[in-house]
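Undergrad: structural data only, the sequence is not supplied:
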């Protein structure tokens, strides 16, 4: 049977849930991934995309419901793909994530001692950062989220994964931005708007990402900030000749302060900072507790951002080096070391593949918290060559971490600890903490 875009299939049944939280319908060995469809449920589906190996579809009508399905409280948010597991009760979400980690690591590297997943203390309203997208339709600026794998904008009445303070400011913009003619006239320059919020300061940065430099009128800035008093700064960013440019509209300071446990972190508008502050502290504490660090350890913290991990471990080790490619983040990390009275941390700007060779001491422990793509083969080779006794690995991508751990295990290391942590409730994303030790010869 041939499947193609636009086709409607009647009364098909999902047999399992994919790792992205989509129902899997199999017809003649052809897999169709359907959003918001649970195993055992039957539905009429509309094929949105198809190739000769698999397809993607959405539900038109559910014919048979799963007994574990719960009511989705925000259908528009789910329609955008932002809450792919919201139809599952929270305990079932945790079970799904833990089972997936156990399955993947068991199948690929025969590791089965996966610890019980750490629940999110706040399953809704946990994000300190959110980006909304912008489209202009008939001279009206619309804000929303893109439907997964498309540029179809899904407008929202509530952004329930974000802090309520962020939600309030976005909804104000949705209601009021079209009052400002000069902004509407330049609306096609607007691509997206990012909101970052600090609970410690009760302050927010609003970042307008634009195609080219655009004018924000004094009247807009005045009313926007007076009606939303926790806005600390507005930043406009654009790329010109492959270079990132930015302009601050209120003051020079474009940073926020927050706490990770008892460590105060100052971070810039474009610096990495975990989007779930409370869970980040639990994540880092879990890593530190299982690395068994001593005052003899010399540690490299790769992808160190503004220094959250490095500064949390500094009082336990002889020396820690933070490696980070974003210069502003390194400046923040140096400032944070002073802020927290840490004098045994050094931060180096540049690509980790290069900066790691600037560390001249014998490194006993390497900590990595890479982007979703995981570690490069060259950096993995460098770690193996350095022969640290311990490797701490934090990951937001189960697949790439499993791949990297497999390579490390084939080069003299052994995975001894693996802990999933729910940082991103209502979504299929999973955060992991792992510890590897070097095999004794």
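TA: Good, I have the coordinates. For clarity, every value in this text was computed on a predicted model and none was experimentally measured.
Undergrad: next SSE downstream of the helix or strand bottoming out on mean pLDDT in the chain?
TA: Within the chain, confidence by mean pLDDT, DSSP states H and E is lowest for strand 243-248 among all helices and strands, at a mean of 90. As assigned by DSSP states H and E, the chain's next helix or strand after strand 243-248 is strand 255-260.
Undergrad: any idea of the mean pLDDT in that following strand?
TA: The average of the pLDDT scores along strand 255-260 is 96.
Undergrad: equivalent analysis for stretch 426-439, please.
TA: Mean pLDDT, stretch 426-439: 97.
Undergrad: what does stretch 163-183 give?
TA: The pLDDT scores in stretch 163-183 average 97.
Undergrad: how far away from the center of its chain is it?
TA: 24 Å (CA atoms, centre = their mean, to the nearest Å).
Undergrad: contacts for it, please.
TA: Stretch 163-183 has contacts (CB atoms under 8 Å, 6 or more residues apart in numbering) with 125-128, 130, 132, 140-141, 143, 155, 157-160, 162, 184, 193, 195, 197, 199, 202, 204, 206, 214-217, 219-220, 223-224, 227-228, 230-231. For glycine as for every other residue, the C-beta is placed from the backbone atoms N, C-alpha and C.
Undergrad: can you say which of those residues are buried?
TA: Among the contacts of stretch 163-183, those buried by neighbour count (16 or more other CB atoms under 10 Å) are 126-128, 130, 132, 141, 143, 159-160, 162, 184, 193, 195, 197, 204, 206, 214, 216, 220, 224, 231.
Undergrad: what helices or strands is the helix or strand hosting residue 154 leaning on?
TA: Residue 154 belongs to strand 153-155 when elements are defined using DSSP H and E. Other helices and strands packing on strand 153-155, by 3 or more CB pairs under 8 Å, 6 or more residues apart in numbering; DSSP states H and E, are helix 75-79, strand 140-146.
Undergrad: swap the cut-off to 6 Å and go again
TA: Here strand 153-155 touches strand 140-146, going by 3 or more CB pairs under 6 Å, 6 or more residues apart in numbering; DSSP states H and E.
Undergrad: domain map for the chain?
TA: Domain assignment for the chain by automatic domain parsing gives 8-69, 94-121+262-438, 129-257.
Undergrad: nearest to residue 82 among those would be which one?
TA: Nearest to residue 82 among the domains of the chain is domain 129-257; the distance by CB to CB comes to 5.7 Å.
Undergrad: all helices for the protein, in order.
TA: Under the criterion DSSP state H, the chain contains helices at 75-79, 90-109, 164-176, 181-185, 218-227, 277-291, 308-313, 327-339, 352-355, 377-386, 398-409.
Undergrad: and for the least confident helix or strand of the chain, what are the contacting residues?
TA: 233, 235, 236, 237, 238, 254 (CB atoms under 6 Å, 6 or more residues apart in numbering).
Undergrad: give me the pLDDT for the first one.
TA: It stands for residue 233. Looking at residue 233, its pLDDT is 98.
Undergrad: how deep is it tucked in, by neighbour count?
TA: Residues lying near residue 233 (other CB atoms under 10 Å) number 20.
Undergrad: kindly report the same for the last one.
TA: Summarising burial for residue 254: neighbours were counted as other CB under 10 Å, giving 21.
Undergrad: verify the contact between it and residue 269 for me.
TA: Yes - in terms of CB atoms under 6 Å, residue 254 counts as a neighbour of residue 269; the distance is 4.5 Å.
Undergrad: in terms of pLDDT, where does residue 149 sit?
TA: Note on residue 149: pLDDT of 74.
Undergrad: now do the contacts for it.
TA: The contact partners of residue 149, taken as CB under 6 Å, 6+ apart, number zero.
Undergrad: and it, how close does it get to residue 135?
TA: Distance of residue 149 to residue 135, computed by CB to CB, to the nearest Å: 17 Å.
Undergrad: same check on residue 173?
TA: Residue 173 is 14 Å from residue 135, by CB to CB.
Undergrad: for residue 236, same thing?
TA: Distance, residue 236 to residue 135, by CB to CB: 19 Å.
Undergrad: likewise for residue 67?
TA: Using CB to CB, residue 67 is found at 39 Å from residue 135.
Undergrad: check residue 103 too.
TA: Plainly put, residue 103 is 39 Å away from residue 135 if you go by CB to CB.
Undergrad: neighbour-wise, which of those two wins?
TA: residue 135 (18 against 14).
Undergrad: quick one: that one from residue 155, how far?
TA: 9 Å.
Undergrad: give the residues shared as contacts by these two.
TA: Shared contacts of residue 135 and residue 155 (CB under 6 Å, 6+ apart): residue 142.
Undergrad: just the domains of the chain: most buried one?
TA: A comparison of those by mean neighbour count, using mean count of other CB atoms under 10 Å, puts domain 94-121+262-438 on top with a mean of 19.
Undergrad: distance from that domain to the middle of the chain?
TA: Distance, centroid of domain 94-121+262-438 to centroid of chain: 14 Å (CA atoms, centre = their mean).
Undergrad: and what of stretch 184-200?
TA: With CA atoms, centre = their mean, you get 18 Å for stretch 184-200.
Undergrad: what does stretch 216-229 give?
TA: Mean-position distance between stretch 216-229 and its chain equals 30 Å (CA atoms, centre = their mean).
Undergrad: hmm, who's touching that stretch?
TA: 169, 172, 180, 182, 231, 249.
Undergrad: relative to residue 420, how far out is the residue lying closest to residue 372 once chain neighbours are set aside?
TA: Among residues not flanking residue 372 along the chain, residue 397 sits closest, at 4.5 Å (CB to CB, 6 or more residues apart in numbering). For residue 397, the distance to residue 420 equals 12 Å [CB to CB].
Undergrad: close enough to count as contact, residue 374 and residue 405?
TA: No - between residue 374 and residue 405 there is no contact under CB under 6 Å: 9.8 Å.
Undergrad: now residue 342: how far from residue 311?
TA: Here residue 342 is placed at a distance of 6 Å from residue 311 (CB to CB).
Undergrad: next one: residue 373
TA: For residue 373 relative to residue 311 (CB to CB), the value is 26 Å.
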